[in-house]
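[1] have a look at this prediction, sequence included:
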Amino acid sequence: MLRMSTLFLRTLRDDPADAEVPSHRLLVRAGYIRRIAPGVYSLLPLGKMMLENVTRVVREEMDAMGGQEVIFPALIPREYYETSGRWVEYGDTLFRLKDRKGADYLLAPTHEELFTTMVKGEYSSYKDLPLVIYQIQIKYRDEARPRSGILRGREFVMKDSYSFDVDDAGLQVSYDLHRAAYMKIFDRLGLQYRIVSAMSGAMGGSKSEEFLAPSPVGEDTFVMCSNCDYAANIEAVQVAPPPPIDASVIHPAMRKLSTPNAPGIGPLVELLNRDHGLQVTAADLLKNIAFKLDGRPILVLVPGDREVDVERLAKAVAPGKLDLFEEDDFAADPRFVKGYMSAIDLGDEHGVKVFADPRVAAGTAWATGANEVEHHVVDAVVGRDFHVDQYVEVATVAAGDPCPRCGSPLEIDRAIEIGHIFQLGRKYADAFGLDVLGRDGKPIRVTMGSYGVGVSRAIAVIAEQTHDELGLCWPQEVAPAHVHIVATGKEDQIAVALDLGGQLERRGVRVLVDDRASVSPGVKFKDAELLGMPTIVVVGKGLASGTVEVKDRRTGERRDVAVDQLAEVLADQLGDHLPPR
Ligand code: ATP
Ligand code: MG
């Protein structure tokens, strides 16, 4: 039984100054977490219990799907990451350190290398597979923007598992088992979530899906179709291919027009229609944006009614390094006329690679810059007047855009990533030479999957999705206590509250009793609401007539229950949430 009189806990009246999102504010105020450094937090007893409860759910479902738990060190010698190429690839996000002899180490951001090596050391036959192994452990990532408390930490707890199979069909089975287990985990944690595809087919990538918890404070954006079951991370959305061009339409020759004092797409459309007798909209204009890719200039084309989504572009050109084209870059290269750029006379053969959104298809005609101040051209045809070197998904995706699968309008929402399942294939097996002998005695390259759950992040996500204006509001499964008993008076009430706590605990109920003698009932009620246990029992005035008040933290519903029936009533109510006896 937890007792407020001795519990290592101080609730705060005021929000911490650095907290921008509700979960961060409330977890600090309610005394679950305390900040040590950016993205680094300590857990107090209630926070530790939350972590244990989430961990228990994850562990139970991973065990049930056939996973076997292991544990790897967080401190890893450089060689492993050297072999996979990630010592370099991971860049600044990797925490690197040296031991006293000067040898390089890292703090693992994820553990593919070690799992692959371990299986290689232990297993040698196709008969040994399939295998799923997992760990629940601390990860380290020097995130560029640690934020929102434990939502995006630099040290955080992850469940990561890895599957090992001899063929693609086996990998698909392991993947599907994880998908089903994740649904059970997140259902039990009381989270609202969507499963969205995380990788565009265009990259030829293998299958990958994310579990996203919709939330206004989320850093991920995803789309879902208003009609079919298409749902994808915005990074993975592929524009539906444009309708085929009618080859019999012959566009007039490209013409250059004078376009003074028309900064931006809107004024330009107006000027072209007013002064040049055209009938164009923003969608008929090209937006030309220059960037640097690995230090070399590139040009990116999207229709004028779209923006370049820099994150999508960066994903599309990865691992190339993308930078903005700055003032001095314009000054250094006269081919880039700011405000009047076009792909005319650019392209691979001129040393400036031209990327375009798929809507800028061969044979389509556009109004675009003339590479000359205060001038634009119209009827510039792709493939005739300028060329596209590579099509990429770079345009912003907007609500109402057609679904790539069925054409119905897309909806758009923000979310927090809580899990990720990913068919790795043979990338790590290739790097480490992980083979097993097949039925015919010949070696088979093993195929792998990698699967993550943000365990510590889940605490914050549950808080985001369930809190209200009064405080935290935990689901039964993870709450540090099922029942929070508030004794409003000094003597009798405290004695009865402790006695009821004992009765409940004997039935397997987790209990927190506010037995503080020198604290006012008002403060106790406020704390109970802030701390967020699902059921609040008030031992107060009703005691004279043999009743206590039972309040549902979430709905606010209250009812009186006879003191001598309380334990039974609440235990019945909790039912499946209690451990078997
Ligand atoms: P994100 O896009 O949020 O950075 P990620 O794609 O880097 O996530 P994975 O490498 O797939 O995430 O890690 C598996 C899970 O670990 C994620 O789904 C997420 O729930 C959790 N996670 C990742 N980074 C962090 C972090 N910095 N703090 C807390 N949890 C994290
Ligand atoms: Mg990340």
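    On my side now, so go ahead. It should be emphasised that the depicted structure is a prediction, and the values quoted were computed from it without experimental measurement. Ligands and ions are numbered 1, 2, ... in the order given.
[2] could you say which helix or strand holds the most centrally placed residue in the chain?
    The geometric centre of the chain, computed from its C-alpha atoms, lies nearest to residue 417 (Cα atoms, centre = their mean), at 2.2 Å. Per DSSP states H and E, residue 417 falls inside strand 410-425.
[3] could you list the paired strands of that strand along with their orientation?
    Strand 410-425 pairs in its sheet with strand 208-214 (antiparallel), strand 220-225 (antiparallel), strand 447-454 (antiparallel), by DSSP bridges.
[4] counting by contacts, list what the worst-scoring helix or strand of the chain on mean pLDDT packs against.
    Ranked by mean pLDDT, DSSP states H and E, the weakest helix or strand in the chain is helix 310-317, scoring a mean of 86. With contacts defined as 3 or more Cβ pairs under 8 Å, 6 or more residues apart in numbering; DSSP states H and E, the packing partners of helix 310-317 are strand 322-324, strand 353-356. C-beta here means a position set from N, CA and C on the backbone, and glycine is covered the same way.
[5] out of the ones you listed, which gets nearest to residue 271?
    For the helices and strands packed on helix 310-317, proximity to residue 271 was assessed by Cβ to Cβ; strand 353-356 is nearest, at 24.4 Å.
[6] neighbouring contacts of the helix or strand just after the closest one?
    Later in the chain than strand 353-356, the nearest helix or strand by DSSP H and E is strand 365-369. Identification of contacts with strand 365-369 by Cβ atoms under 8 Å, 6 or more residues apart in numbering yields 251, 268, 272, 278, 280, 284-286, 288, 337, 339-344, 360, 375-382, 386.
[7] filter these to the buried ones?
    Among the contacts of strand 365-369, those buried by neighbour count (16 or more other Cβ atoms under 10 Å) are 268, 272, 280, 284-286, 288, 337, 340-344, 360, 376-382, 386.
[8] how deep is the closest residue to residue 391 other than its chain neighbours tucked in, by neighbour count?
    Counting by Cβ to Cβ, 6 or more residues apart in numbering, residue 391 lies nearest to residue 358, which is 5.1 Å off, once chain neighbours are set aside. Counted with other Cβ atoms under 10 Å, the neighbours of residue 358 add up to 17.
[9] can you check residue 327 too?
    The burial count assigned to residue 327 is 8, neighbours taken as other Cβ under 10 Å.
[10] residues contacting it?
    Counting by Cβ under 8 Å, 6+ apart, residue 327 touches no other residue.
[11] residues of the stretch 301-450 of the chain that sit close to ligand 1?
    417-420 (Cβ under 6 Å from any ligand atom).
[12] correction: the chain
    For the chain, the residues in contact with ligand 1 (Cβ under 6 Å from any ligand atom) are 110, 141, 143, 152-153, 156, 158, 417-420, 452, 454, 456-457.
[13] wait, doesn't residue 420 sit right on residue 199?
    No - contact criterion Cβ atoms under 8 Å: residue 420 and residue 199 do not qualify, at 10.6 Å.
[14] give me the common contacts of those two.
    Shared contacts of residue 420 and residue 199, counting by Cβ under 8 Å, 6+ apart, come down to residue 208.
[15] for the closest residue to ligand 1 within the stretch 351-500 of the chain, which non-adjacent residue is closest in space?
    Nearest residue of the stretch 351-500 of the chain to ligand 1: residue 454, at 2.2 Å (Cβ to the nearest ligand atom). Computed as Cβ to Cβ, 6+ apart, the closest residue to residue 454 that is not its neighbour in sequence is residue 418, at 5.5 Å.
[16] pretty sure the one you found contacts residue 215?
    No - with contacts counted by Cβ under 8 Å, residue 418 stays clear of residue 215, the gap being 10.0 Å.
[17] okay, and the common contacts of those two?
    Joint contacts of residue 418 and residue 215 (Cβ under 8 Å, 6+ apart) are residue 461.
[18] ok, residue 343 - contacts?
    Shown in contact with residue 343 (Cβ under 8 Å, 6+ apart): 286, 288, 299, 301, 354, 356, 368, 386-388.
[19] how about residue 523, phi and psi?
    Main-chain dihedrals, residue 523, degrees, to the nearest 10: phi -60, psi -40.
[20] now do the helix or strand residue 54 falls within: distance to the chain's middle.
    Using DSSP H and E, residue 54 maps to helix 45-64. When distances are taken as Cα atoms, centre = their mean, to the nearest Å, helix 45-64 is centred 20 Å away from the chain's centroid.
[21] could you give the angle of that helix to strand 410-425?
    Between helix 45-64 and strand 410-425, the angle comes out at 60 degrees (axes from the mean of the first three to the mean of the last three Cα atoms, to 10 degrees).
[22] keeping just the C-alphas, turn helix 45-64 into CSV.
    Provided in CSV are the C-alpha atoms of helix 45-64 (Å, rounded to 0.1, in the frame of the first residue of the first chain):
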residue,chain,number,x,y,z
PRO,A,45,8.4,6.3,-7.3
LEU,A,46,5.1,6.9,-9.2
GLY,A,47,6.9,7.3,-12.5
LYS,A,48,8.9,4.1,-11.9
MET,A,49,5.6,2.3,-11.2
MET,A,50,4.2,3.6,-14.5
LEU,A,51,7.2,2.4,-16.4
GLU,A,52,7.0,-1.0,-14.7
ASN,A,53,3.3,-1.3,-15.6
VAL,A,54,3.8,-0.4,-19.2
THR,A,55,6.8,-2.7,-19.3
ARG,A,56,4.8,-5.6,-17.9
VAL,A,57,2.1,-5.2,-20.6
VAL,A,58,4.8,-5.1,-23.4
ARG,A,59,6.6,-8.1,-21.9
GLU,A,60,3.5,-10.2,-21.5
GLU,A,61,2.4,-9.7,-25.1
MET,A,62,5.9,-10.3,-26.5
ASP,A,63,6.2,-13.5,-24.5
ALA,A,64,2.7,-14.6,-25.7
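[23] and it, what's buried?
    46-47, 49-51, 53-55, 57-59, 61-62.
[24] give me the mean pLDDT for the helix or strand just after it.
    Downstream of helix 45-64, the first helix or strand assigned by DSSP H and E is strand 68-69. For strand 68-69, the mean pLDDT works out to 98.
[25] elements contacting strand 68-69?
    Applying 3+ Cβ pairs under 8 Å, 6+ apart, one finds that strand 68-69 contacts helix 45-64, strand 131-140.
[26] could I get the ones you listed as JSON lines with mean pLDDT and distance to residue 544?
    Output for those, formatted as JSON lines (pLDDT from 0 to 100; distance: least, Cβ to Cβ, whole Å):
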{"stretch": "helix 45-64", "mean pLDDT": "98", "distance to residue 544": "33"}
{"stretch": "strand 131-140", "mean pLDDT": "98", "distance to residue 544": "49"}
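[27] which among the ones you listed is found nearest to residue 485?
    Distance to residue 485, taken as Cβ to Cβ, is lowest for helix 45-64 among those, at 15.7 Å.
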